[in-house]
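**Student:** A predicted structure for the sequence below; I have some questions about it.
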2 protein chains.
Amino acid sequence: MGKGAKVDTFPPEDETGSARFDRIYCSLRDRICLLDYPPGTVLSEVALAREFEVSRTPIRRVFHRLEFMGLVQIRNGVGTIVTDIDLKTFKETYDLRKRLAEMMGELSPVEITATHMTQIDLIIARAREIETHRGNYDDLALIANDTQRLLSDLTGNTPLREIAELLYIRVARIWFTLLPQFGWDEAISGQLHELREIRSGMADNDIRAVGQYRSKDLQRMMNLLGRSLVGS
Amino acid sequence: MGKGAKVDTFPPEDETGSARFDRIYCSLRDRICLLDYPPGTVLSEVALAREFEVSRTPIRRVFHRLEFMGLVQIRNGVGTIVTDIDLKTFKETYDLRKRLAEMMGELSPVEITATHMTQIDLIIARAREIETHRGNYDDLALIANDTQRLLSDLTGNTPLREIAELLYIRVARIWFTLLPQFGWDEAISGQLHELREIRSGMADNDIRAVGQYRSKDLQRMMNLLGRSLVGS
DNA sequence: CAAATACAATCTGTATACAGCTTGTATTTG
DNA sequence: CAAATACAAGCTGTATACAGATTGTATTTG
């Protein structure tokens, strides 16, 4: 999943230290989140060092960041393994995300700009474009990612934004794993429904409504999950 | 402040890797939080490497963790500097912490045990003991830290607990900096009041009430801060 | 044959030398 | 004298060799 979805950028000539770190970190984070590296995958420091044309040191720095984000577990003498999430933690995280979504509009809300409207319209257009491409879960995942990014832009409270992003990154890939179980129609129509709700709230310049829609949709996902687990 | 409050433990003989990391990380984190290293302090990798009898490598690992926690800023060619917090971020963080405190009792609440009651009683006893030791802000800070730790133990939702701790660590020292401005009587009586409120909620096995008390007290701190800033 | 044991392969953790960046200072230059 | 410049000191970033930990496997031993 997602193999062809992202092209890793080549390093520019004058790349500074932190830019290189960000490049490698974002690459690996996205590979994990988009399931190029599924849970259980053992990441090799030396192999990645060769691929990114650096030594082990910067790779290790990235690994420790990924561990802090909850995406890998580093074990001495064993290796660095992409984490899985137990259902209890998954549910707790979604419960919390649901609450944080409600806060989005209540803590220092931002003003909706024309740029924001352009962004949501573009995302909706992309979702409609793949509506009939049954089973295109890769692009659906990218759309979900961009939706989260847009909602981040609409979150005025900085710490809240950071934490919402962190929790999203932690559980997004688990969600992506479950997506196919729901079937394409349910998945894409749910995503489009959420996007249109969000857009209506944005059109009214009502961030509070946007947050409540998001919260409701997270609840809907939890319900779907519950049904899926009972049904399997 | 806090110089004599904490004794760094000696490394045991059979110390494993991650234990060493935790030891150094907690030492430096506490030194920053308890203002042994006030904002603006430049931390030296080589000096700390000498002190902890390791090479620069583990110290760098700790520095990157501290940077992720928001306690230091690492700048290439310059140094690693203990951060300060601007008032906007400080207020945003408190607004968020206030909301998270309310959630404590609502998301998977835990059962209060006799151990928990013993802990809160011990903290209250310590607070009463220093009640007449005017200006003993160091011990007051330690009491505030242990209060936070107890509330963490009462938070059943794991991600919520982690995030509440993170936000506390980020802003605690700023709060400690401001404490003396409020005067000893206000500071110690406020702390004791909060502790007794928390205890009453715990005695009723009502985590929701505990969270609401905590939220209210965070609001009270914000109000004090506002007055202090207007008055200065 | 089964169980304990020794070992080798492979991984992360650490130490250290060196490269690159930033900044204050001394020097040069108009 | 003032401003631009060259430089040196000190910091973090990187590369790499080596140490320590873990685990699967082959060997030994009863």
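**Tutor:** Sure, I can see it. Residues are numbered from 1 along each chain as shown, chains lettered A, B, ... in the order given.

**Student:** Show me the domain layout of chain A.
**Tutor:** A:17-82, A:87-231 (automatic domain parsing).

**Student:** anything in the last one near chain B?
**Tutor:** The one in question is domain A:87-231. Yes: contact of domain A:87-231 with chain B (CB under 8 Å from any CB of the partner chain) involves A:89, A:92-93, A:95-96, A:99, A:103, A:107-108, A:157-160, A:163, A:167, A:170. Glycine gets a C-beta too; all of them are placed from N, C-alpha and C.

**Student:** just to revisit the earlier point, Serialize the domains of chain A to a markdown table and add fields for mean pLDDT.
**Tutor:** Converted to a markdown table, the domains of chain A look like this (pLDDT from 0 to 100):
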| stretch | mean pLDDT |
| --- | --- |
| domain A:17-82 | 95 |
| domain A:87-231 | 93 |
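
**Student:** Rebuild these as TSV, extending it with mean neighbour count and distance to residue B:221.
**Tutor:** Compiled in TSV, those are given as follows (neighbours: other CB atoms under 10 Å in any protein chain shown; distance: least, CB to CB, whole Å):
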stretch	mean neighbour count	distance to residue B:221
domain A:17-82	16	28
domain A:87-231	17	16
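
**Student:** between the ones you listed, which gets nearest to DNA strand D?
**Tutor:** Distance to DNA strand D, taken as CB to the nearest atom of the strand, is lowest for domain A:17-82 among the domains of chain A, at 2.5 Å.

**Student:** Now render the domains of chain A as CSV, adding distance to DNA strand C.
**Tutor:** Supplementary listing: the domains of chain A in CSV, determined by distance: least, CB to the nearest atom of the strand, whole Å:
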stretch, distance to DNA strand C
domain A:17-82, 3
domain A:87-231, 20
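
**Student:** so which of the ones you listed gets nearest residue B:24?
**Tutor:** domain A:17-82 (14.1 Å; CB to CB).

**Student:** do the closest one and chain B meet?
**Tutor:** Yes: against chain B, domain A:17-82 shows contacts by CB under 8 Å from any CB at A:17, A:18, A:61, A:64, A:65, A:68, A:76.

**Student:** interface residues of chain A facing DNA strand D?
**Tutor:** Applying CB under 7 Å from any atom of the strand, we find that chain A lies next to DNA strand D at A:17-18, A:20-21, A:54-58, A:61, A:75-78.

**Student:** Figure out the length between the terminal residues of stretch A:106-121.
**Tutor:** Taking CA to CA, to the nearest Å, stretch A:106-121 runs 24 Å from one end to the other.

**Student:** Find the residue closest to residue A:216 in space, skipping its chain neighbours.
**Tutor:** With sequence-adjacent residues excluded and distances taken as CB to CB, 6 or more residues apart in numbering or on different chains, residue A:216 is closest to residue A:197, at 7.9 Å.

**Student:** Ok, residue A:84 next?
**Tutor:** On the basis of CB to CB, 6+ apart, the spatially nearest residue to residue A:84 that is not a chain neighbour turns out to be residue A:39, at 3.8 Å.

**Student:** for the one you found, what are its contacts?
**Tutor:** A:82, A:83, A:84, A:85, A:173, A:177 (CB atoms under 8 Å, 6 or more residues apart in numbering or on different chains).

**Student:** Filter the residues you listed down to the ones in helices?
**Tutor:** The subset of these located in helices under the criterion DSSP state H comprises A:173, A:177.
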